[in-house]
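Student: would you be able to build a 3D model of this:
(2 chains)
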Amino acid sequence: MDSALTEISEFVQAIPPLDLLPSKLIEQIVKEINICYVRRGQLLPPQGISDENIYILRKGALSYATNDNELLGKYGEGDICTVFCLGNDEHIKVSTDEDTLLYSICYKIFAQLVNEHPDVIAFFHQTSEQRLNKKMLQVNEDAILNSSLLNSSIANFYHSPVVTVAPETSIQQAAILMTERGFSCLVIAQNNNPLGIVTDKDIRRRCVAQGLDISQPVSKIMTSDMTTIDIKNNAYDALMMMTQKHIHHLPVTANNQLKGMVTVTDLMNNEGQNAVNITSVIHKAKSVSELCEISKMIPKLQIRMAKLGTTADHVGKSISAITMAFTIRLIEMAEKLLGPAPVPYAWLAAGSQARQEQFAHSDQDNALIISNNMQPQHSYWFKDLATFVSDGLASCGFIYCPGEVMATNEKWCQTQSQWSKYFAKWINTPDPKALLHCSVFFDLSTVYGDSRLLDEVRMKMLQTTQRSTLFIAHLSRNALNLRPPLGFFRDFVLIQDGENKATLDLKHNGIAPIVDLARIYALSEGIASVNTIERLQQAAGTPSLTKASAANLIDAYEFLSMLRMEHQAKKLQQGEQPNNYLPPKEISKLEREHLKDAFKVIKTMQDSRQSTL
Amino acid sequence: MLNHHPLTRWILGYEAQRKRMLKKASHGPLRDFLAVPFPALNTPFEQIPILAVDFETTGLDAIADKLLSVGCVDLFHHQIKLGSSYHEIINSKGRLKADNVTIHQITDDQKDQGKPLAEVIEQLLKRLAGKVMLVHFSRIERQFLRQACLELYGMAPPLPMIDTLVVAKKRLDKRDVAYDPSELRLSALRANYGFPDHYAHNALNDAIATAELLLAQVNERGENMTLRQLIL
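Tutor: Below you'll find the model as predicted:
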């Protein structure tokens, strides 16, 4: 062998799967190499090559992406680019990131040479199939996300019949009718000929705010240049029309006759179906890598939901449901791998996932609760389970919990009685520092397994917390450490330095204080719910919280969550990491006023909490 | 200056020389070589048939020193065709000097098993017919090949050449900044383009390395180059 080619042979032979081939064959393969040089920023295949080739990177770097520039992967020195080996895939383009030296080999000749090595051939086929698989997943992804809005008619969404009233009906009568029927809008019609529309907002703005007499005819406050949509349009058109005109109700007509009404909520519920669609895809996933692909849809779903004006509560619940589906699927895979559980157990979610307030790609907080029948030798099974699931979640974008609140942490992978001991200790001898760390465990929910395990522990725990004023006091003191940023001049106190300079920390200064307050009310009143809004609703009217304060807190919470959701959607759309730092410039003056109001509510509630200490 | 005059180019041009010598040449490898026309000067780079060539020798003097080995590879359509690569050691007379052996790493034993000079040159000419020869630092290859042809056939053919050293030198000269001549070495120029180290002083290896260098040089210029811009 010529020593020049020896050098190239050695290089080629070191690359898997070619390292499986005998030297003689490598020599033959090397003889088929054409060396090409491609400048940075050029598309492959190189000038003058049209054959189906494989390219071995001798030097430089390639990236391959979809036609709309979504990066799929990169090739570096010693990698084999197989994109072109089975015909040119027009959905993928490969370009050079650097000046690149390539060894190109005609795939047909190569395949003939390695004919007797099916394992090597399989490698090249497999990678193309994997690419195909990836592409299909993408197609599916779009299909799932676009769901049925585009291809379903409004006929599937509208309510019928619409409640209509005559134009001379009084405003009060109209309002009573709306309240009775639970509608947020009415159509004003004469002989089934629509004249206009009246919504909750019109009554508020055009009547109450203006001090208009409620005995006046409703036609005085109706919107008369009513936008309608013909029933032949699809749901997507309806959505676009509503988005453009900033309206939430759209009367549906057929042959200019009023047929019904479609609302944003109707369409939103359909978007909610997307979460359902995604969860059903998750249930069918066969491998962790497939789950990993699906997980890439979560931020997109969050953006879409935010754009549609879905409430933060709805988004939080959908995303939490999806995380739950991922976790369940991973546990099922683990059980298949490890065999059935030796004793009953339950996989628990903690923190925001348990409260169903999770947004795309937050960190994983989880734990395991195991039957008291557990034997020491069983701990291996649970350790393996925890590792498999937590690694799986990590590869799906749910980063490991920095505070190690994870089932992989032996401390949080314990029997029922040990959990009860933990809670007893936290409640009876509350150490403020430990409490700060462990407050996440007062928000637990069962994701998978025997839910009685947690329910029993929780029941016992709630009985104790209700009686333990010392514990509640400690918890409150911790919660009051986070204060809304209202300065002396009732202006915002912004973060002063670092990367998030001049921003408002929505999470720590706004959302977390309400979550903390809700937790305190729930624990003092023995409420088992963990979702913040549910906790507040259930605590409303108890000694801990008046109904009016509960309503204020819920409003503040929903408003702050919505701001955060919109801010995060904006970030996600810009391809940035979503965070909680809102620059006040990003929101309107009116929203800023609302924000101040929300902070005032929090401050009032915190102050009243303080007074109980 | 004289060289650029159209008339002198016509008289001294390699294609004209080829035709004139073809009439004089007797049957044999040299005549076969001369029978194939060279590419025209306006041939675009990708269509120039190029043979990258490197010689290992016992020294720098084409008359006193011996040709030890020949390596060559085709470069065409921006591609170096390893399937066309050729490498041969020449069994020349006399013993090798020890200090030289350390450079080219061809031992007396290997040399003695090599092919006769006539056979190797015949093979080289066969591959070179109709092509432009690509070398790095043309003096060695030009003089040794001329000398070999004179010895074997009594005349030396015209040899249109591209020299990667000259391509690089022209570029450096344009910059009007002093540079160290060592920057023009093959390995130094390759390093500029981030190319991997190559095992130097093997004729085929150097030929491939030179061809890779030319690809990078031509690509760097970006424009569509013709033979006229590259030829010596």
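
Student: what's near enough to touch A:V120?
Tutor: With contact set as C-beta atoms under 8 Å, 6 or more residues apart in numbering or on different chains, A:V120 has these partners: A:17-18, A:20-21, A:114. The C-beta positions use only the backbone N, C-alpha and C, and glycine is treated the same way.

Student: ok, now with 6 Å
Tutor: Listed by C-beta atoms under 6 Å, 6 or more residues apart in numbering or on different chains, the contact partners of A:V120 are A:17, A:20, A:114.

Student: and for A:P46?
Tutor: A:36, A:38.

Student: can you tell me the element it falls in?
Tutor: Using DSSP states H and E, A:P46 sits within no helix or strand.

Student: so where's chain B shaky on pLDDT?
Tutor: Scanning chain B for pLDDT under 70 picks out B:1-12, B:93-105.

Student: skip the chain neighbours and tell me the closest residue to A:N478.
Tutor: Once flanking residues are discounted, A:N478 sits nearest to A:L436: 5.1 Å by C-beta to C-beta, 6 or more residues apart in numbering or on different chains.

Student: do the same with B:Q217
Tutor: B:V167 (5.1 Å).

Student: ok, and what's touching the host helix or strand of the one you found?
Tutor: B:V167 is located in helix B:164-175, with elements delineated by DSSP H and E. Residues outside helix B:164-175 that contact it (C-beta under 6 Å, 6+ apart) are B:136-137, B:179, B:184, B:189, B:210, B:213-214, B:217.

Student: now that helix, how far from the centre of its chain.
Tutor: Taking the mean of its C-alpha atoms, helix B:164-175 sits 18 Å from the chain's own mean (C-alpha atoms, centre = their mean, to the nearest Å).

Student: could I have the CA atoms of it written out in PDB?
Tutor: The C-alpha trace of helix B:164-175 is given here as PDB (Å, rounded to 0.1, in the frame of the first residue of the first chain):
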ATOM      1  CA  THR B 164       1.100  26.300  -5.900                       C
ATOM      2  CA  LEU B 165       4.200  28.000  -4.500                       C
ATOM      3  CA  VAL B 166       4.000  30.600  -7.200                       C
ATOM      4  CA  VAL B 167       0.200  31.000  -6.700                       C
ATOM      5  CA  ALA B 168       0.900  31.700  -3.000                       C
ATOM      6  CA  LYS B 169       3.800  33.900  -3.700                       C
ATOM      7  CA  LYS B 170       1.900  36.100  -6.100                       C
ATOM      8  CA  ARG B 171      -0.700  36.600  -3.300                       C
ATOM      9  CA  LEU B 172       1.900  37.400  -0.700                       C
ATOM     10  CA  ASP B 173       3.800  39.800  -3.100                       C
ATOM     11  CA  LYS B 174       0.500  41.700  -3.700                       C
ATOM     12  CA  ARG B 175       0.200  42.400   0.000                       C
END
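
Student: return the set of buried residues in that helix.
Tutor: For helix B:164-175, a neighbour-count test (16 or more other C-beta atoms under 10 Å in any protein chain shown) marks B:164-169, B:172 as buried.

Student: of these, closest to B:R18?
Tutor: B:V166 (21.8 Å; C-beta to C-beta).

Student: how about the residues of chain B by chain A?
Tutor: For chain B, the residues in contact with chain A (C-beta under 6 Å from any C-beta of the partner chain) are B:77-83, B:87, B:196, B:199, B:202, B:204-205, B:208, B:215-216, B:219.

Student: next, check those against the helices and list the overlap.
Tutor: Among the residues of chain B next to chain A, the members found in helices (DSSP state H) are B:204-205, B:208, B:215-216, B:219.

Student: number of nearby residues for A:K411?
Tutor: Other residues within reach of A:K411, judged by other C-beta atoms under 10 Å in any protein chain shown, total 11.

Student: which SSE is A:L57 in?
Tutor: Assigned by DSSP H and E, A:L57 falls in strand A:53-59.

Student: how about the ones in helices among the residues of chain B next to chain A in JSON lines, adding distance to A:T604 and neighbour count?
Tutor: As requested, these are exported to JSON lines (distance: C-beta to C-beta, whole Å; neighbours: other C-beta atoms under 10 Å in any protein chain shown):
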{"residue": "B:L204", "distance to A:T604": "86", "neighbour count": "27"}
{"residue": "B:N205", "distance to A:T604": "82", "neighbour count": "24"}
{"residue": "B:I208", "distance to A:T604": "80", "neighbour count": "27"}
{"residue": "B:L215", "distance to A:T604": "74", "neighbour count": "22"}
{"residue": "B:A216", "distance to A:T604": "72", "neighbour count": "19"}
{"residue": "B:N219", "distance to A:T604": "70", "neighbour count": "20"}
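
Student: does the nearest residue to A:D230 once chain neighbours are set aside sit in a helix, a strand or a coil?
Tutor: Once flanking residues are discounted, A:D230 sits nearest to A:T253: 5.8 Å by C-beta to C-beta, 6+ apart. Using DSSP: H, G, I helix; E, B strand; the rest coil, the structure places A:T253 in strand.

Student: what residues are up against A:T253?
Tutor: When contacts are counted by C-beta under 6 Å, 6+ apart, A:T253 touches A:228, A:230, A:259.

Student: phi first, then psi, for the first one.
Tutor: Taking degrees, to the nearest 10, you get phi -130, psi 170 for the backbone angles of A:T228.

Student: if we can go back for a sec, just checking, the residue nearest to A:N478 is part of a helix?
Tutor: Yes: according to three-state DSSP, A:L436 belongs to a helix.

Student: does it touch A:L480 like I think?
Tutor: No: when contacts are counted by C-beta atoms under 6 Å, A:L436 is not listed as touching A:L480 (11.8 Å).

Student: so, low pLDDT: which residues of the stretch 301-450 of chain A?
Tutor: Counting by pLDDT under 70, the stretch 301-450 of chain A has low-confidence residues at A:307-310, A:360-361, A:437.

Student: name the residues of it found near chain B, please.
Tutor: Counting by C-beta under 6 Å from any C-beta, the stretch 301-450 of chain A has no residue next to chain B.

Student: re earlier: of the contacts of helix B:164-175, buried ones?
Tutor: Neighbour counting by 16+ other C-beta under 10 Å classes B:136-137, B:184, B:189, B:210, B:213-214, B:217 among these as buried.

Student: now, the residues you listed that are in helices?
Tutor: Secondary structure from DSSP H places B:189, B:210, B:213-214, B:217 of those in helices.

Student: list the strands paired with the strand holding A:L57, with their directions.
Tutor: Here strand A:53-59 has these sheet partners by DSSP bridges: strand A:80-81 (antiparallel), strand A:100-106 (antiparallel).
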